[in-house]
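> turn this into a structure:
(one chain, ligands or ions: 1)
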Amino acid sequence: MERILVSSCLLGRPVRYDGAAKPVADALFDRWRAEGRLVAVCPEIAGGLPVPRPPAELTGAPTRTLLPLTVLPASSDASATNRGAGDRARVVTASGEDVTDEFVRGALVALDTARRADARIAILKESSPSCGSHRVYDGTFTGTSVPGEGVTAALLSSAGIRVFSEDELPEAAAYLAELES
Ligand code: SF4
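Next up, the predicted model:
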C-alpha cells in the first residue's frame, strides 16, 4: 500500500505558528486516513521550532539554492541551481531572526520520514514557507504571496517525491492510482 506524507496541520494537529490547525474535510482524505496511508510530519516542529512561534517567510534567492545536495539524487535539478555562497535563500521572521537552519533541518526530517515510509506522494499545506508547493509569501510580511515553494516541498520534490497541495486531492488520487496500477 502506498503511503502519503501529510502536513500535520492538515490532519488537525495544532502545530502552526499561531497554535492553530488547518484540518482538511474531504472524503478522499478521510478514506486515506482510514486506510492508514497518511504519515504526518510538521517540518517546523521537527526542525526544533516551538508552538507558537513568530511567522517566518522566505527571502532572497529561489528556495532550491539552500537544499542540502548530499541527500538528493545526482539527477536532481537542484544541482543545476546557482550555489554561490552569497546567493542562497533564507528564512527569516519579521524581526529579522534567521531560522533557515531550523527549516532545513525540518525538511531533512520530512524527507527521512517519507523515505522510511516508502512514500512517493506528499500532500502539504499550500503557501507555508516549509510546505507550500506552488505559492509562498514574499518576505515582506505584507500578506503578499508569489509563485514559489517552501523548503520541505522543494527538498521532497527534488528527491523525486510528488508533492500536492490540499487543493489538489483529486490529482493526488490520480497519481496514487497510477502508482498502484
Ligand atoms: Fe507544520 Fe507544514 Fe503545517 Fe507549517 S504548514 S504547521 S510546517 S505541517
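> ranges for the strands of the chain?
4-7, 38-41, 56-59, 90-93, 121-124, 135-137, 145-147, 162-165 (DSSP state E).
> residue ranges in this protein under the pLDDT threshold?
Applying pLDDT under 70 to the chain flags the ranges 69, 77-86.
> flag every residue of it that's near the ligand.
7, 8, 9, 15, 16, 42, 43, 44, 125, 128, 130, 131 (Cβ under 6 Å from any ligand atom). Heads up, the C-betas are built off the backbone N, CA and C, glycines and all.
> ok, residue 136 - contacts?
Residues in contact with residue 136, defined by Cβ atoms under 8 Å, 6 or more residues apart in numbering, are 57, 58, 63, 127, 128, 129, 145, 146, 148, 149, 150.
> out of those, which end up buried?
Neighbour counting by 16 or more other Cβ atoms under 10 Å classes 57, 58, 63, 128, 129, 148, 149, 150 among these as buried.
> now the strands of the chain in a markdown table, with distance to residue 102?
Shown next, in a markdown table, are these (distance: least, Cβ to Cβ, whole Å):
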| stretch | distance to residue 102 |
| --- | --- |
| strand 4-7 | 16 |
| strand 38-41 | 14 |
| strand 56-59 | 9 |
| strand 90-93 | 8 |
| strand 121-124 | 17 |
| strand 135-137 | 16 |
| strand 145-147 | 22 |
| strand 162-165 | 20 |
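> biggest helix in the chain, by residue count?
helix 100-116 (DSSP state H).
> which outside residues touch that helix?
5, 39, 41-49, 56, 66-68, 71, 89-92, 119, 122, 129-130, 151-152, 154-156, 159, 161.
> the residues of the chain next to the ligand into a markdown table, with extra columns for distance to residue 111?
Below are the residues of the chain next to the ligand laid out as a markdown table (distance: Cβ to Cβ, whole Å):
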| residue | distance to residue 111 |
| --- | --- |
| 7 | 14 |
| 8 | 15 |
| 9 | 18 |
| 15 | 18 |
| 16 | 21 |
| 42 | 14 |
| 43 | 9 |
| 44 | 15 |
| 125 | 17 |
| 128 | 16 |
| 130 | 12 |
| 131 | 13 |
